[in-house]
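Participant: Just to be clear, the model below is a prediction. Sequence and coordinates:
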Amino acid sequence: MKVAGVIMVLVALAVLTLGLKTEQVPGANESVAALVELFDGAITPNRPKLDYAYVSVERGRDIVHKGLSKDGGRKSRQQSKHFTCLSCHNVEREDPDLARSSAANRLRYAAENEIPYLQGSTFHGIVNRNHFYNGDYIKKYGELVEPTRENIREAIQLCAVECSQGRELQDFEIESVLAYFWTLELKYGDLSLTEEEQRIIKESYETGRNKPQALALLQGKYMDQSPATFVDPLTSQNDEFSSFKGNVESGQQIYELSCQHCHFNNNYSYLLLDQEPLTFKYLLKNMDKYREHSLAQVVRYGTSPKGGKKAYMPLYTLEKMSNQQLVDLRTYIEAEAGL
Amino acid sequence: MLRINLLFSIGLFLLLSVSAVAQTQYPIFNDRKIINSFSTETLDKGMLDFRVAHRFGDMFGEGGGWPTFYGLENASDVMIGFDYGITDHLLAGLNRTKGSGALRQLVNTYLKYKIAGQNDTRPDALSVAFLGMTTISTQQKSEEATSINSFPKFAHRMAFHFQMMAAKRFSQFFSAQLSLGYTHRNFVNIDDINYVLNIGLAGRFQMSKALALVLEGNLPLRFETVTFEPTVPLGIGLEWMTSGGHVFQLNFTNASGLSETDYLSYTRSQWSEGQFRLGFTIARQFRIR
């Protein structure tokens, strides 16, 4: 009996141990940021300060989606009269491969998932990033981008004041927005990992060995910043123009998922871009001109806020709309205009 | 002579009692007004439309020509006011006009509701809208008992207009509107009667993305004999839309007044006599929601 008892205890211990080990394997819903913190040994500064008064995920969601919040009985003022965060940013995943930026892949993914194709980076996984307003954004905002480049709170504030031409967010609002962003963080299952890579990460996760290798593997699977390259407009006068061949289907996707996101049904602009031949003829007529009404110019340079008309159009970086896509858009417009 | 019209109250009830749904995608007309007449268009919820309109004096005829620089030195009517989108299909408006008929210094308030075609996203959409308008004259009271502005009672300062409009977009180039209206003035001159019915016809010819030609005519009807000869207000205008939310319009019309309670009842001038005028309207939308 004693032997049987000892065996039972041993079996129970073995099951418990196995069970614990099973729980330790990173699951598809495991937080990527938590894994990075585990391997790196440092807490990310992007974590929200939840002990602030009035901070909540719901408030953050309201600010991002509606521009104001009534959560917790404390109604906030409209952040911007002109835009909400969703004017230029998605909250869904928009890159099929999180490790590299590809405008063509992102457009295909946007069309498949029926999400807008926009100038700003998605908020999905934004808290997993460490750098903001990257690359050429210094050409647009000058020294204003300096404090934002490694500080997500400063980046949110710059976006509120400059990009959306609105008021400054208060501290509890920024922390609420951050709290909401954390609901959109990357999960382990979002990453494209081979079996061997998963084995290395699992081993490090369970044993605590080879943390730098596991960390590098993890961080290599998603971009910790969004590159931003400003380029000049591509018009038919450019030598480079003839090297592209337009694709009507891709152009239509851009027109519907990108242009009409703002220019339809008075969403954010009064300039109606509908499906009428008159509209396409208007776009085509102005295409190669040196003015704001030229699609080629406005995509690359955007427009500027003016006194009395602060709503403006942000530019598309090369990463957010490639020159090939611009030619595709032009080809679609030409086809719809009857040329 | 005093007949407070219940029709306006019924109209208001109708306007307020129908719930709003989604926005028609293709505008049938570019502006909430065609020239002087209301179109079926409303504003999106939370949009404010600031409006200024001006009608100069007669270009030719007795009051026009070189002495008045073809009417540009006279102002037959001036309007300043705004429209606001309460819902996507219910619009409220408030404006002040100088007035050019018997009653002057008019404050006009109105509600317009798009009752049909709200979900019509087809390029050849049809829409129907109702409008109810109340006008109050803020003109100084006259001591002369026979004068229309003697205003024995406050209600005598008031006039009402109720209108139904049906508009159809036949193509990207052409839209048309038919309207039926009823105007009631509480206090009128001895040679006039309180009501005026009107049948209106209007059209928009879109010439390019930004430019359109608009035409309108309103036939005023009185089923009783009056001693004067009312004329048909006819207008033609060139409309220019900008991408910044502006609609500019230059027009020529024989109507000297700007509000429905004014020009539909008091137009006496004739195109054939050179009694038409240059006018303009500037509208600018603001998003205030």
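Facilitator: All right, it came through fine. What you see is a predicted model; the values in this text were computed from it and never measured.
Participant: pLDDT below threshold where in chain A?
Facilitator: For chain A, the stretches with pLDDT under 70 are A:1-25, A:71-74.
Participant: so how far is A:L329 from the residue nearest to the spatial centre of it?
Facilitator: The centre of chain A sits closest to A:T122, judged by Cα atoms, centre = their mean, with a distance of 1.5 Å. With distances taken as Cβ to Cβ, to the nearest Å, A:T122 is found 21 Å from A:L329. The C-beta positions use only the backbone N, C-alpha and C, and glycine is treated the same way.
Participant: same deal with B:S147?
Facilitator: For B:S147, the distance to A:L329 - Cβ to Cβ - is 66 Å.
Participant: hmm, back to that, and the residue nearest to the centre of chain A, what element?
Facilitator: According to DSSP states H and E, A:T122 maps onto no helix or strand at all.
Participant: Confirm for me that it is in contact with A:E94.
Facilitator: Yes. With contact defined as Cβ atoms under 8 Å, A:T122 reaches A:E94; the gap is 4.5 Å.
Participant: who's more crowded, B:S147 and A:L329?
Facilitator: A:L329 (27 against 12; other Cβ atoms under 10 Å in any protein chain shown).
Participant: Can you name the residues that contact the more buried one?
Facilitator: A:S250, A:G251, A:I254, A:Y255, A:C259, A:L295 (Cβ atoms under 8 Å, 6 or more residues apart in numbering or on different chains).
Participant: If we use 7 Å, what do you get?
Facilitator: A:L329 is in contact with A:G251, A:I254, A:Y255, counting by Cβ atoms under 7 Å, 6 or more residues apart in numbering or on different chains.
Participant: Can you tell me which of these is nearest B:N74?
Facilitator: A:Y255 (49.1 Å; Cβ to Cβ).
Participant: secondary structure class for the closest one?
Facilitator: helix (DSSP: H, G, I helix; E, B strand; the rest coil).
Participant: neighbours of it, just the number please.
Facilitator: For A:Y255, using other Cβ under 10 Å, the count is 22.
Participant: A:H293: what's its closest spatial neighbour, skipping adjacent residues?
Facilitator: Of all residues not flanking A:H293 in the chain, A:N286 sits nearest, at 4.2 Å (Cβ to Cβ, 6 or more residues apart in numbering or on different chains).
Participant: Can you give me the neighbour number for B:F29?
Facilitator: There are 26 residues near B:F29, going by other Cβ under 10 Å.
Participant: Just say helix, strand or coil for it.
Facilitator: coil.
Participant: Could you measure from it over to A:L273?
Facilitator: Remark: distance between B:F29 and A:L273 (Cβ to Cβ) = 19 Å.
Participant: Tell me which residues touch A:K281, please.
Facilitator: Here A:K281 is in contact with A:A337 (Cβ under 7 Å, 6+ apart).
Participant: Which strand or helix spans it?
Facilitator: Counting by DSSP H and E, A:K281 is found in helix A:277-286.
Participant: quick one, helices of chain A?
Facilitator: A:2-24, A:32-40, A:57-66, A:103-113, A:137-141, A:152-158, A:171-181, A:195-207, A:211-219, A:248-254, A:260-262, A:277-286, A:295-301, A:323-336 (DSSP state H).
Participant: Reformat the ones you listed as JSON lines; add distance to B:N194.
Facilitator: Output for the helices of chain A, formatted as JSON lines (distance: least, Cβ to Cβ, whole Å):
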{"stretch": "helix A:2-24", "distance to B:N194": "86"}
{"stretch": "helix A:32-40", "distance to B:N194": "76"}
{"stretch": "helix A:57-66", "distance to B:N194": "49"}
{"stretch": "helix A:103-113", "distance to B:N194": "62"}
{"stretch": "helix A:137-141", "distance to B:N194": "64"}
{"stretch": "helix A:152-158", "distance to B:N194": "63"}
{"stretch": "helix A:171-181", "distance to B:N194": "58"}
{"stretch": "helix A:195-207", "distance to B:N194": "86"}
{"stretch": "helix A:211-219", "distance to B:N194": "82"}
{"stretch": "helix A:248-254", "distance to B:N194": "58"}
{"stretch": "helix A:260-262", "distance to B:N194": "50"}
{"stretch": "helix A:277-286", "distance to B:N194": "45"}
{"stretch": "helix A:295-301", "distance to B:N194": "56"}
{"stretch": "helix A:323-336", "distance to B:N194": "54"}
